[in-house]
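# requesting a structural model of the entry that follows:
(one chain, ligands or ions: 3)
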Amino acid sequence: MLPGVLTLDKISGAILGAFTGDALGMPVEGWSFQEISERYGEITEVLPGRLKAGSYTDDTEMMIGIAESLLECGTFNDRHMALTFCRNYNPGRGYGPGTARVLHLIESGTPWEQAVKKVFPDGSYGNGAAMRIAPVACLYVGRPDELRKCAAGSARLTHAHPQAVEGAVLQASAVALALTADSQYPLDQKGFLRSLKNSLSPGAGEYREKLDCVEKLLEIEPTVEKIIRELGNGVKAIQSVCTSIYSFLANPGSFEKAVIKAVSLGGDTDTIGSMTGAISGAYHGRQGIPERWLEKLEEGQKGRGYVEELAAGLWFLLSEQPEL
Ligand code: R7I
Ligand code: MG
Ligand code: MG
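Ligands and ions are numbered 1, 2, ... in the order given. All right, here's what the predicted structure looks like:
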């Protein structure tokens, strides 16, 4: 039996929420908070950038790969998922340079276990494994052990560094928790953070500290500079996953507000927007995403309609799982 509050609307909210946050942040990726604030104030609309308005980047392209692989195999299959990333790879979407090289190596026959260590000796600590993780949360919601195993396994295909792997597990846990929280009632932010801390591995001290920091920031009204200084807005997983969790928790009443605040922090805007969008979308459901944003999202072969079909597929697969 699925937890009562879980609906197709919430699964779609997580997946389309990630897409929407990515598209909203795309035009200003790499801009500082000050640059965004001088040029736009806040980013409140889906704007054109280096890609057309509503286009997604590597964040969503890789999320699509995770969903496709889970749906085609019915479960996590490391080799299949790695090859699916390669099949979908479109350099125009703006991949992290390390991930692009890992995918080239896999494509040319290097086993993924070797490829991930060839680019950075300890593996990448980038947020590329966390940014794409929403489908794992959708399929393994309510099953924390399997969620950890699949999130970590999918992360290791391109990101071997423990910080990238733990970041992916943490982001997946946050999306899964938001899927099971009822948005009709006020959000228990402290309880949410407590559950996240309980889901961390014993070695994840840096993430524990960041989550403590999130808790303290929620008790005050911090300046944007303080949020950036304490949580980060960069491309490392440790500088962006907890920033996204904070952006959701500080704005629990509105998907729109959470994602606008996340993107307007500057830095890795598409990714922090996307991760915030996945958590907030899981909480509020698709119905919480502004229609004016949804209608701007790119269509086409693997556009919005296709992504919605993937969400429906995950919902179907989830409802087929035996033990829930
Ligand atoms: O993590 P990754 O896929 O990048 C995702 C980001 C998101 O913002 C996307 O929107 C897209 O723009 O890229 O790609 P990686 O190349 O693995 O990691 C990102 C960056 O982190 C690298 O290009 C490096 O600058 C840095 N980095 C490291 N630097 C030194 N040593 C990651 N790991 C290391 C390292 O071990
Ligand atoms: Mg991107
Ligand atoms: Mg990014």
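# check contacts around the residue of the stretch 51-200 of the chain found nearest ligand 3.
Nearest residue of the stretch 51-200 of the chain to ligand 3: Asp59, at 6.2 Å (Cβ to the ion). All C-beta spots, glycine's among them, are computed from the backbone N, C-alpha and C. Residues near Asp59 by Cβ atoms under 8 Å, 6 or more residues apart in numbering: Ala18, Asp22, Met131, Arg132, Asp270, Thr271, Ser274.
# ditto for Leu157
Taking Cβ under 8 Å, 6+ apart, one finds Asp78, Met81, Ala82, Phe85, Trp112, Val116 in contact with Leu157.
# burial count for the third one?
Other residues within reach of Ala82, judged by other Cβ atoms under 10 Å, total 25.
# same deal with the fourth one?
Using other Cβ under 10 Å, the number of residues around Phe85 comes to 27.
# and the gap between whichever residue of the chain sits closest to ligand 2 and Gly167?
Residue of the chain nearest ligand 2, by Cβ to the ion: Thr57 (3.2 Å). Distance from Thr57 to Gly167, counting by Cβ to Cβ, to the nearest Å: 18 Å.
# which residues of this structure score low on pLDDT?
For the chain, residues meeting the criterion pLDDT under 70 lie at 1-3, 323-324.
# got the residues of it near ligand 1?
Residues of the chain lying close to ligand 1 by Cβ under 6 Å from any ligand atom are 57-59, 94, 96-99, 120, 122, 124-128, 131, 161, 235, 268, 270-271.
# who touches Thr60 in this structure?
Contacts of Thr60 (Cβ under 8 Å, 6+ apart): Ala18, Phe19, Asp22, Ala23, Arg132, Ser274, Val307.
# just give the closest residue to the second one, not the sequence neighbours.
It refers to Phe19. Thr60 (4.8 Å; Cβ to Cβ, 6 or more residues apart in numbering).
# what strand or helix carries the residue of the stretch 201-324 of the chain found nearest ligand 3?
Residue of the stretch 201-324 of the chain nearest ligand 3, by Cβ to the ion: Thr271 (3.4 Å). Secondary structure from DSSP states H and E places Thr271 in helix 269-284.
# would that helix count as contacting ligand 2?
Yes - judged by Cβ under 5 Å from the ion, helix 269-284 comes into contact with ligand 2 at Asp270.
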